[in-house]
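K.L.:
have a look at this prediction, sequence included:
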Amino acid sequence: MVGCECRGFQEIDIVIHFFKNGGATHIAWLFFFNWYLMIVVILQRILFCIFLGDNNLMKSKITTLLFCAFFMATFAQQNKIKSLLVKSIKCDEVVDLEKVSNLLEANTQLEDISELNWTAYPYRPIVKFRIAHCDNQIWLKFYVQEKYVLAKRTETNSDTHRDSCVEFFLDPKEDGNYYNFEVNSIGTMHLAYGPNIGKRSFIDPETIRDQIKINATLGDRPFDEIKGEQKWEITLVIPSDIFIHDKGIQLGGLKAKANFYKCGDDTSIPHYLSWNPVGTSRPNFHTPAFFGTLIFE
């Protein structure tokens with residue numbers, strides 16, 4: 001979906017994509033704060049007239065300040081940007097995916113993908129991930145427990161978001177351009193690059209298959225939807241060479257913007273979860289203004 005090219009809900013909130021380096025977040029904050037301030041002034045005036053009378057200017061100002069503080073605190077809480085330290089794992093040898101999985105288990109903490117951003121989609125499967133980097137590679141492992149699992153897509157860069165899918169969006173230079181890694185439960189990858197949902201450039205499928213290592217606990221054969229509580233995991237090794245629009249990038253010491261998602265557009269219970277909250281009115285994962293921060297050790 002949303003991390004997915006269905007995505008066609010490009011409402012006014014998508015204009016924030018045109019701002020770089022987090023500027024969109026500040027613009028959005030100012031826009032909403034103006035509305036809050038208007039409400040504050042109206043409420044303050046009503047209370048002032050009822051309780052304080054027209055002669056107590058100081059009390060009027062205090063009341064206004066208290067309302068401003070309350071609404072600002074409420075808005076800040078609802079729009080908190082998450083930050084995550086991506087640990088560096090030392091490895092002196094070439095490691096396979098099983099070893100990667102074990103090293104992630106031993107050296108990193110579980111993070112939740114649990115934000116329900118849209119009330120029309122209340123289902124919340126249990127989704128977690130671990131992330132680290134080693135030898136200029138991103139190591140990433142997802143853990144999923146859900147009621148319905150679907151995996152029909154086997155072609156690289158197909159609509160994997162329609163299946164049971166986990167996603168990782170990364171803006172490595174914090175310039176508004178990001179890579180969207182979308183992988184279904186049997187390891188089929190969808191990967192593109194660009195500044196927004198309408199301007200995506202696919203990474204060559206052969207390059208994806210050659211460079212990204214994927215292990216799926218459900219295997220690699222497609223299947224129709226399985227009903228009943230299911231658990232599955234995906235382990236990924238993403239080399240820095242896959243970032244073809246950012247050649248020579250070094251992960252050590254990098255500060256980047258990112259978000260992690262879970263969706264399943266064609267499952268019996270469509271759902272859209274995120275790691276960092278997304279403040280759009282309808283499901284849309286292509287919103288870098290709502291990415292959190294990754295700090296690579």
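P.N.:
That came through, no problem. Residues are numbered from 1 along each chain as shown.
K.L.:
burial count for residue 134?
P.N.:
The number of residues packed near residue 134 is 19, by other C-beta atoms under 10 Å. Yep, even glycine has a C-beta here, placed from its N, CA and C like the rest.
K.L.:
could you give me the average pLDDT of stretch 141-160?
P.N.:
Confidence over stretch 141-160, taken as the mean pLDDT, stands at 98.
K.L.:
what is the strand ranked longest in the chain packed up against?
P.N.:
Secondary structure of the chain read by DSSP state E shows that its longest strand is strand 223-239. Other elements packing on strand 223-239 under the criterion 3 or more C-beta pairs under 8 Å, 6 or more residues apart in numbering; DSSP states H and E are helix 97-107, strand 137-151, strand 178-184, strand 213-216.
K.L.:
now the third one against strand 137-151, angle please.
P.N.:
Just to be clear, that refers to strand 178-184. Counting by axes from the mean of the first three to the mean of the last three C-alpha atoms, to 10 degrees, strand 178-184 lies at 50 degrees to strand 137-151.
K.L.:
so which elements touch strand 178-184?
P.N.:
Using 3+ C-beta pairs under 8 Å, 6+ apart as the contact test, the elements touching strand 178-184 are strand 165-171, strand 189-196, strand 223-239.
K.L.:
buried deepest among the ones you listed, which one?
P.N.:
With neighbours defined as mean count of other C-beta atoms under 10 Å, those peak in mean count at strand 165-171, which reaches a mean of 25.
K.L.:
what pairs with that one, and is each one parallel or antiparallel?
P.N.:
strand 178-184 (antiparallel), strand 255-263 (antiparallel) (DSSP bridges).
K.L.:
okay, now the unreliable bits of this protein?
P.N.:
Scanning the chain for pLDDT under 70 picks out the ranges 1-79.
K.L.:
report the central residue of it.
P.N.:
With distances taken as C-alpha atoms, centre = their mean, the chain has residue 259 as the residue nearest its mean C-alpha position (2.4 Å).
K.L.:
list the contacts of that residue.
P.N.:
168, 169, 274, 275, 276, 278, 285, 290, 291, 292 (C-beta atoms under 8 Å, 6 or more residues apart in numbering).
K.L.:
reformat the helices and strands packed on strand 223-239 as TSV; add mean neighbour count.
P.N.:
Written out in TSV, the entries for the helices and strands packed on strand 223-239 read as follows (neighbours: other C-beta atoms under 10 Å):
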stretch	mean neighbour count
helix 97-107	15
strand 137-151	22
strand 178-184	25
strand 213-216	18
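K.L.:
redo the ones you listed as TSV? Include distance to residue 83.
P.N.:
TSV is the format used below for the helices and strands packed on strand 223-239 (distance: least, C-beta to C-beta, whole Å):
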stretch	distance to residue 83
helix 97-107	19
strand 137-151	17
strand 178-184	17
strand 213-216	27
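K.L.:
for residue 161, find the nearest of the ones you listed.
P.N.:
Judged by C-beta to C-beta, the one of the helices and strands packed on strand 223-239 that comes nearest to residue 161 is strand 178-184, at 5.6 Å.
K.L.:
now the angle from that closest one to strand 189-196?
P.N.:
150 degrees.
K.L.:
contacting residues around strand 178-184?
P.N.:
3-4, 151, 153, 160-161, 163-172, 189-195, 200, 203, 214, 234, 236, 238, 242-243, 257-258, 285-286, 288, 291.
K.L.:
repeat the analysis, applying 6 Å as the threshold.
P.N.:
Outside of strand 178-184, the residues within contact range by C-beta atoms under 6 Å, 6 or more residues apart in numbering are 3, 151, 153, 160-161, 163, 165, 167-171, 189-193, 234, 288.
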